[in-house]
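J.: Attaching a predicted model along with its sequence, questions to come.
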Amino acid sequence: MDHQAIWAIAIFLIVYALIISEKIHRTIVAMAGGAALLLLGIVDQETALHHIDFNTLGLLIGMMIIVGVTAETGLFNYMAIWAAKKAKGSPVAILIALFLITAICSAFLDNVTTVLLIVPVTFSITRQLRVPVFPYLLTQVLGSNIGGTATLIGDPPNIMIGSAVPELTFMAFIANLTPVILIILVVLVPIFVALFRKQLKTTPELRQGIMELDEKELLEDRKMLRKCLAVLGLTVLGFFLHQSFGWESATVAMSGAFLLLLMTGERTMEQALARVEWTTLFFFVGLFVLVAGLVETGVITVLAEKAVNLTGGDAVAASMLILWFSALASAFLDNIPFVATMIPLIRDMGDMGISNLEPLWWSLALGACLGGNGTLIGASANLIVAGLSAKEGKPITFMKFLKYGFPIMLLTVAISSVYVYLRYLM
Amino acid sequence: MLKYRYDERWMNIEETRSEGDIEFKIRLSEDHPYRENAKAVRRHFESDRDYTDVIFYTYPDRTYKVIVREDHYDEFLLALMANRLLRAVEWES
């Protein structure tokens, strides 16, 4: 291994350590690491730009704009109250309804965005029912990470995998990942009921308070809502058809976003662009450059050789290794840099003799997304909700989350292992 | 004790206190000239990142239940004043 490879590994590990330590913002660390690679001449600017996946960035920006504008219409508050009324104000039924709504929304929206939309109305419902908020927040976080696994656009690891492997289309993600996610959701519902039923008691009067709410009043701007729903519908349709027309997923999302802004005007555009999470996007840019350093210096190829030797080139062993290693790593590390590193590694494994890479890609997606449920630091949505809960005087500690999250993560990854084996490897 | 002044022809406020919260029940008549301003008050408190400072529940016929955390009591009254739903607030011994 030459000295450039050693520099690339050192910078990568320092960046990783600083991201885990959370002493400096992860975006600053990733961008600084990327800059160091360029300044040291390990990667030149042209090569670095070539490694930045603009399809991933465009897809994220487009969806952030569409969701940001839609959130202003009050649609998500309306949905939550509507569901609570359909559940007849029953705390357990509301817990399950909000878990499923979060999972479904997360399949099409960013996980953090979904929990930020659903958490405020959760505080409002639990305050009315005078029940503890923790079971709701926990199940919503778990639901957002699970639901996000179901589609290409649901979670950043899937966006990155879908973008890196052209044959893994939006429809391919739905056909391959949605079935196992539906199984997981069905398995978890009775578990959540059994876990939290005793804590969630209220009175008929407080339930009546939910039943009398007027959810229609929450829809602030119906004209805007109609535009948002039309564009959301068209965008999702575009995702279903993107391969037939030869469009990239970012083209679909950006077209949807700017069609919506065309319909809603300049003022909405300024607000929507201000709400785009630029820090997350620059974090991606920094990571892509860091991984470029590992790819260009041959580090990834060496790691892939070791993985192929370890598994003997056997697809079953390789899939299970990737699934479980991704899940355990993602429980403790940010899954975005992890997946950014794994993508070229799996590609190289393909070049070294593993002919059918499809189960490996699905194993990576399932492991990286579901692994995020293992600990409080496993996914951004977990930390965001814990932060919000602490601010409201109801802290969710690392150990409290671990007690529920880790066993559920193990269960969901075990279900995924059986699914991957039966569907692709048997 | 704080006493609120508002136009009783178009508005009614009931206030109760429990567990460190102040609970308001506000009814606005259809003829209230500033009835839409209640939505502005709700938007104001929903737009911040403190989700339990002031919680709004909207019922039919412009009826609102508002649970206000004690540390946000002043801010809530100021928001009602700013939106012309209260005319005056004064201390009454």
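T.: Received, thanks. Numbers count the residues shown, from 1 in each chain, chains lettered A, B, ... in the order given.
J.: Going by C-alpha atoms from here, please, whenever you check contacts or count neighbours.
T.: Will do.
J.: Contact partners for the closest residue to A:Q208 other than its chain neighbours?
T.: Excluding its sequence neighbours, the residue lying closest to A:Q208 (C-alpha to C-alpha, 6 or more residues apart in numbering or on different chains) is A:G89, at 7.0 Å. Under the criterion of C-alpha atoms under 8 Å, 6 or more residues apart in numbering or on different chains, the contact list for A:G89 reads A:R207, A:Q208, A:I210, A:M211.
J.: For chain B, state which of those is nearest.
T.: A:I210 (8.8 Å; C-alpha to the nearest C-alpha).
J.: just to revisit the earlier point, can you tell me the SS state at the residue nearest to A:Q208?
T.: coil (DSSP: H, G, I helix; E, B strand; the rest coil).
J.: picking that back up, mind listing which of the contacts of A:G89 are in helices?
T.: A:R207, A:Q208, A:I210, A:M211 (DSSP state H).
J.: Most neighbours among those, which one?
T.: Neighbour counts for the ones in helices among the contacts of A:G89 (other C-alpha atoms under 10 Å in any protein chain shown) peak at A:I210, which has 24 neighbours.
J.: and chain B, which of its residues are near chain A?
T.: Remark: the part of chain B in contact with chain A comprises B:D50, B:Y51, B:T52, B:I55, B:F56, B:Y57, B:T58, B:Y59, B:P60, using C-alpha under 8 Å from any C-alpha of the partner chain.
J.: wait, doesn't the first one sit right on A:S389?
T.: In this case it means B:D50. No. Contact criterion C-alpha atoms under 8 Å: B:D50 and A:S389 do not qualify, at 9.8 Å.
J.: So these two - more neighbours on which side?
T.: Neighbours were counted for B:D50 and for A:S389 using other C-alpha under 10 Å; A:S389 has more, 21 against 15.
J.: so which pair among the ones in helices among the contacts of A:G89 is furthest apart in space?
T.: A:R207 and A:M211 (6.5 Å; C-alpha to C-alpha).
J.: Identify the contacts common to those two.
T.: A:K88, A:G89.
J.: mind checking pLDDT for the residue of chain A positioned farthest from its centre?
T.: For chain A, the C-alpha farthest from the mean C-alpha position belongs to A:E205; by C-alpha atoms, centre = their mean, that distance is 38.3 Å. A:E205 is assigned 92 on the pLDDT scale.
J.: Could you report the pLDDT at the residue nearest to A:Q208?
T.: The predicted local confidence for A:G89 is 93.
J.: Would you check how far apart it and A:R207 are?
T.: In this view, A:G89 and A:R207 are 5 Å apart by C-alpha to C-alpha, to the nearest Å.
J.: Relative to chain A, which residue of chain B is the closest?
T.: Counting by C-alpha to the nearest C-alpha, chain B gets nearest to chain A through B:Y59 (4.7 Å).
J.: can I assume A:C228 is in contact with A:I66?
T.: Yes. Counting by C-alpha under 8 Å, A:C228 touches A:I66, with 7.3 Å between them.
J.: Need the overlap of contacts for the two.
T.: Counting by C-alpha under 8 Å, 6+ apart, the residues touching both A:C228 and A:I66 are A:L260.
J.: residues from chain A in reach of chain B?
T.: A:P120, A:F123, A:S124, A:E212, A:L213, A:D214, A:E215, A:E217, A:L218, A:K391, A:E392.
J.: The helix or strand containing the second one: what's the following helix or strand?
T.: Using DSSP states H and E, the element containing A:F123 is helix A:111-129. Going down the chain from helix A:111-129, the next helix or strand is helix A:134-147, by DSSP H and E.
J.: who's in contact with that next one?
T.: With C-alpha under 8 Å, 6+ apart as the test, helix A:134-147 has contacts from A:95, A:98-100, A:102-107, A:111, A:114-115, A:119, A:122, A:154-155, A:181, A:185, A:192, A:196, A:369-370, A:372-373, A:379, A:381-382, A:385, A:394, A:396, A:401, A:405.
J.: try stretch A:31-41
T.: A:8, A:11-12, A:15, A:43-45, A:48, A:282-283, A:285-287, A:289-290, A:293.
J.: Which secondary structure state is assigned to B:V66?
T.: strand.
J.: Next, give phi and psi for the residue most central in space within chain B.
T.: Chain B has B:L80 as the residue nearest its centroid, 5.7 Å off, counting by C-alpha atoms, centre = their mean. With angles defined as degrees, to the nearest 10, B:L80 sits at phi -60, psi -40.
J.: Check what pLDDT it gets.
T.: 92.
J.: ok, it - contacts?
T.: Per C-alpha under 8 Å, 6+ apart, neighbours of B:L80: B:A38, B:V41, B:L86.
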